[in-house]
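1. Sequence first, predicted model second:
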Amino acid sequence: MKRHLSMLLLCAWTVSLLVSCGKGRKGLLTSVSTGRPYEVLVVAETNFWDRPAGKALYRVLDTDVPGLPQSERSFRLMRTSPDGFDATLRLVRNIIVVEVDAAKYSQAAFRYAKDVYASPQVILTLQAPDEVSLAAFVEAHGASLVRFLTQVEMNRSIRALSEEHNMYVSAAVQRLFGGDIWLPAELVASKEGTGFFWAGTNAATDDRNFVMYSYPYAGGEALTKAGFVCKRDSVMKVNIPGARPGMYMATDSLMTDVRLLQLRGRQVMEVRGLWYMKGDFMGGPFVAHVWVDEARRRVVVAEVFVYAPGRLKRDLMRGMEASLYTWRLSGETENEIINHKE
């Protein structure tokens, strides 16, 4: 299988020489991987977890998912020793192998391989000559490690969407905004407004939603937190009303964070935060991508949000967030792998 050396966030690492990837063995007889999305198996000596390097790795992998209303871990962790890493565990979809060997390694690094024992699968090897350098490496690059594993799973969702997605939503987005985006087929309800489109599942629980809107570009404030919140609140007030008059969707500006990305050669502002229904008790997380379409002198916003009271939201949000990376203007080539620079 072709190796993507720039896969995900690796292109953002200034220590790229410390990272390498190996070839997998995917073929006709490759087994199907086991486990659920965002499960990670760590292969390390049993007493590794009691020492500083093990504690550093645990702190990194046990971090909370950003932008959710309650604490949810980034991954579900499983552990095994090298002796226990048997044929059954080798089929797990996400594996981290810890190797500390002064005879083999001169510096701390990680390398990864895809589809070694099963497919889809990624095996990430953390290697170091000693645990002191391993702990320092993990602490320095922990955030990138989390994003790497997160986006491996998102890439799997994107590939699944490439095979089956909501054709009605794609057609509506093409007609209204001149581009394409892949959303789950379960989003069966929809609504159109002036420069606005919404699609959702209308489910009583685990409700998933997508909105897209555009407006004339009037300056750099579009790619700021304040500019986004102001425009979002005005658009949602008109287009996402509540059950009774006076109710409408609004943004919790104190719980909103932004960062800039480079996607397909364009600057994109990622916005992650919480929404609430003014005058009601509804609310939940959202993620939006905002960019300037300079050719059309417009700002385009694509957003996903969920409503799942009393339930975990990590997998719902990450599954929907993957759709945001599938947007492309008419004429742009498809890109099924998240590959961006911060």
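-> Thanks, I have the structure now. Residues are numbered from 1 along each chain as shown.
2. any idea which helix or strand comes after the longest strand along the chain?
-> Ranked by residue count and defined by DSSP state E, the top strand of the chain is strand 248-263. Next helix or strand after strand 248-263 toward the C-terminus (DSSP states H and E): strand 266-278.
3. helices and strands around that following strand, which ones?
-> Contacts defined by 3 or more CB pairs under 8 Å, 6 or more residues apart in numbering; DSSP states H and E place strand 266-278 against helix 225-239, strand 248-263, strand 283-293. Where you see a C-beta, it was placed from the backbone N, CA and C, and this is true even at glycine.
4. coming back round to it: contacts for the longest strand of the chain?
-> Here strand 248-263 makes contact (CB atoms under 8 Å, 6 or more residues apart in numbering) with 66-67, 223-225, 228-229, 232-233, 236-238, 240-242, 267-279, 283, 289, 291, 325, 340-342.
5. Now, of those residues, which are buried?
-> Buried subset of the contacts of strand 248-263 (neighbour count, 16 or more other CB atoms under 10 Å): 67, 223, 225, 228-229, 232-233, 236, 240, 268-277, 283, 289, 291, 325, 340.
6. What backbone torsions are found at the residue lying closest to residue 246 once chain neighbours are set aside?
-> With CB to CB, 6 or more residues apart in numbering as the criterion, residue 246 has its nearest non-adjacent residue at 5.2 Å, and that residue is residue 279. Note on residue 279: backbone dihedrals following degrees, to the nearest 10 are phi 90, psi 0.
7. Spit out the contact partners of residue 279.
-> With CB under 8 Å, 6+ apart, residue 279 has these contacts: 242, 244, 246, 247, 248.
8. Any chance of a PyMOL selection covering the buried ones in those?
-> A single PyMOL command selects the buried members of the contacts of residue 279 (16+ other CB under 10 Å):
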select buried, resi 247+248
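9. The residue nearest to residue 246 and residue 255, how far apart?
-> The gap separating residue 279 from residue 255 is 19 Å, by CB to CB, to the nearest Å.
10. Can you get me the start-to-end distance on stretch 90-104?
-> 23 Å (CA to CA, to the nearest Å).
11. With stretch 117-124 instead?
-> End to end - CA to CA - stretch 117-124 spans 13 Å.
12. Helices along the stretch 51-200 of the chain, start to end?
-> 52-61, 131-163, 167-177 (DSSP state H, counting those that start in this stretch).
13. can you redo these as JSON lines with distance to residue 330 and mean pLDDT?
-> Below are the helices of the stretch 51-200 of the chain laid out as JSON lines (distance: least, CB to CB, whole Å; pLDDT from 0 to 100):
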{"stretch": "helix 52-61", "distance to residue 330": "40", "mean pLDDT": "97"}
{"stretch": "helix 131-163", "distance to residue 330": "17", "mean pLDDT": "95"}
{"stretch": "helix 167-177", "distance to residue 330": "7", "mean pLDDT": "96"}
